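> Build the 3D model from these lines:
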Amino acid sequence: MAKLMYRDAIRNTIFQEMQRDARVCVLGEDVVGGMGTAGGPEAIGGIWSTSVGLYDAFGPDRVIDTPISESAIVGAAAGLALAGKRPVAEIMFADFIGVCMDQLWNQIAKFRYMFGGKSICPAVIRMPCGAGYNAAAQHSQVIHQFVTNMPGLKVVMPSTPEDACGLLRQAIRDDDPVIFLEHKFLYAMSGEVNDDPDFCIPFGHARLVRAGLDATIVAAGMMVGYAEAAADELAKEGIGCDVIDLRTTSPLDEEAILDSVEVTGRLVVVDEAPPRCSLATDIAALVSSKAFASLKAPIEMVTPPHTPVPFARELESAYLPNAAKVAAAVRQTLSYR
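Take a look at the predicted model:
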């Protein structure tokens, strides 16, 4: 086991997969250079430092700086995948998904279906996402609620360095298109990472982070840390919570959610997306329809308000979910006896 930062776990995994499989290639804005560098040996590997060293090791045919065009990046990734490559494409900010929506929604998500299963599209589209950096409404959004809604896409939201490694390796080896969402606030997070070069985490298998009998807290990505912190604080009050890290939103581990709620009878869902048509509302509907008889209290959702992400630091802090809000929601659901 090695201790790595989240961003380093991503970079190392891509490096190892490029060594293992000559079909794996990387493309995106500034994945070679970035921050004003000219590219080449001195390149920093993008503004998130997740592709450092790849250009030196694999050269310009496999590490490609692209124009500032999300349509071109995702369209090229689709073409490479159909031609037998395994591209790992980076959209610098997930907020710009709208520019390449046609390539995602109408093309790569539907190739296998349209061609009767005779063609695969093993493209990984990495997207840094999320708020907390005071980067304002156009560079702070989460987009999992959109891509999870698209049949044909697999959607991954790792919350730890080890999950980033295992899930990314699974994504690169998968024969379907995968949207890999990396919360920007997690890049500097450190943790133990399995150093087995074949370590993969299967999609659709949630992780039980904490165990308890009083309430179930469901979260993904950055929100898992808030759920953990809330559960730790509530434990001091004698309140035990199941904390479920979804890992992937498509496929969704419905069984893990339903089994937990059948035991606890109470559900809190934490989601950084606004509440309308969100992951939180989707899971609330799932439990209401399939585990209603087990519920002892109304479902609580911890989400931002239905507004753009604020720029002012104080407003952004008030806008986002946090551990205190999650703990308050658990106490609220426990108030029903």
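> Give me the three-state assignment for residue 232.
Three-state call for residue 232 (DSSP: H, G, I helix; E, B strand; the rest coil): helix.
> what's the nearest residue to it if we skip its chain neighbours?
Nearest non-adjacent residue to residue 232, counting by CB to CB, 6 or more residues apart in numbering: residue 210, 7.8 Å away. C-beta here means a position set from N, CA and C on the backbone, and glycine is covered the same way.
> So that neighbour versus residue 131, what's the distance?
24 Å (CB to CB, to the nearest Å).
> Comparing those two, which shows the higher neighbour count?
Set residue 210 next to residue 131 and count neighbours by other CB atoms under 10 Å: residue 131 wins out with 24 against 18.
> Spell out which helix or strand contains the nearest residue in space to the more buried one that is not next to it in sequence, please.
Among residues not flanking residue 131 along the chain, residue 140 sits closest, at 3.9 Å (CB to CB, 6+ apart). Under DSSP states H and E, no helix or strand contains residue 140.
> show me the contacts for residue 140.
Residues in contact with residue 140 (CB atoms under 8 Å, 6 or more residues apart in numbering) are 95, 130, 131, 132, 133, 309, 316.
> Can you pull the phi/psi pair for it?
With angles defined as degrees, to the nearest 10, residue 140 sits at phi -140, psi 10.
> which residue ranges form the strands in the stretch 201-337 of the chain?
Using DSSP state E, counting those that start in this stretch, the strands of the stretch 201-337 of the chain run over residues 207-210, 215-219, 241-245, 248-250, 267-270, 300-302.
> Indicate which one of these is closest to residue 194.
strand 207-210 (13.5 Å; CB to CB).
> got the buried residues for the closest one?
For strand 207-210, burial by neighbour count (16 or more other CB atoms under 10 Å) applies to 207, 209, 210.
> cool, and stretch 211-228?
Result for stretch 211-228 [16+ other CB under 10 Å]: buried residues 212, 214-228.
> and which of those residues is nearest residue 294?
Out of the buried residues of stretch 211-228, the member with the shortest distance to residue 294 (by CB to CB) is residue 216, at 10.1 Å.
> mind listing what the closest one touches?
Here residue 216 is in contact with 241, 242, 244, 257, 260, 261, 263, 264, 266, 267, 268 (criterion: CB under 8 Å, 6+ apart).
> So of those residues, which two are at opposite extremes in space?
The widest separation within the contacts of residue 216 (CB to CB) is 14.5 Å, between 263 and 268.
> More neighbours: which of the two?
residue 268 (31 against 14).
> Test my guess that that one contacts residue 334.
No. Residue 268 is not in contact with residue 334 according to CB atoms under 8 Å; the separation is 10.0 Å.
> Mind listing the shared neighbours of those two?
The contact lists of residue 268 and residue 334 share residue 215, where a contact means CB under 8 Å, 6+ apart.
> now for the helix or strand where residue 10 lies, which elements pack on it?
Using DSSP H and E, residue 10 sits in helix 6-20. For helix 6-20, the packing partners by 3 or more CB pairs under 8 Å, 6 or more residues apart in numbering; DSSP states H and E come out as strand 24-28, helix 54-58, strand 86-90, helix 161-173, strand 190-193.
> repeat that for 10 Å
strand 2-5, strand 24-28, helix 54-58, strand 86-90, strand 124-129, helix 161-173, strand 178-183, strand 190-193 (3 or more CB pairs under 10 Å, 6 or more residues apart in numbering; DSSP states H and E).
> now the ones you listed as CSV including mean neighbour count, distance to residue 108 and mean pLDDT?
Shown next, in CSV, are the helices and strands packed on helix 6-20 (neighbours: other CB atoms under 10 Å; distance: least, CB to CB, whole Å; pLDDT from 0 to 100):
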stretch, mean neighbour count, distance to residue 108, mean pLDDT
strand 2-5, 16, 30, 95
strand 24-28, 24, 14, 97
helix 54-58, 18, 23, 91
strand 86-90, 26, 10, 98
strand 124-129, 26, 8, 98
helix 161-173, 24, 13, 98
strand 178-183, 26, 10, 98
strand 190-193, 17, 29, 97
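> Compare those and report which one is nearest to residue 146.
That would be strand 178-183 among those, by CB to CB, at 9.4 Å.
> Regarding the nearest residue to residue 175 once chain neighbours are set aside, what is its secondary structure?
In space, and not counting its chain neighbours, residue 175 is closest to residue 120: 4.3 Å by CB to CB, 6+ apart. With three-state DSSP as the basis, residue 120 sits in coil.
> what sits against residue 120?
81, 82, 84, 111, 112, 174, 175, 176, 177 (CB atoms under 10 Å, 6 or more residues apart in numbering).
> got it, and residue 104?
70-71, 74-75, 77-78, 91, 97-98, 110, 123, 125, 146-147, 150, 152-153, 177, 179.
> Please apply the same query to residue 13.
Contacts of residue 13 by CB under 10 Å, 6+ apart are 4, 50, 88, 164-172, 193, 197, 199-200.
> Looking at these, spot the one nearest residue 286.
The closest of the contacts of residue 13, once distances to residue 286 are taken by CB to CB, is residue 167, at 21.9 Å.
> these two touch, right, the closest one and residue 201?
Yes. Counting by CB atoms under 10 Å, residue 167 touches residue 201, with 5.0 Å between them.
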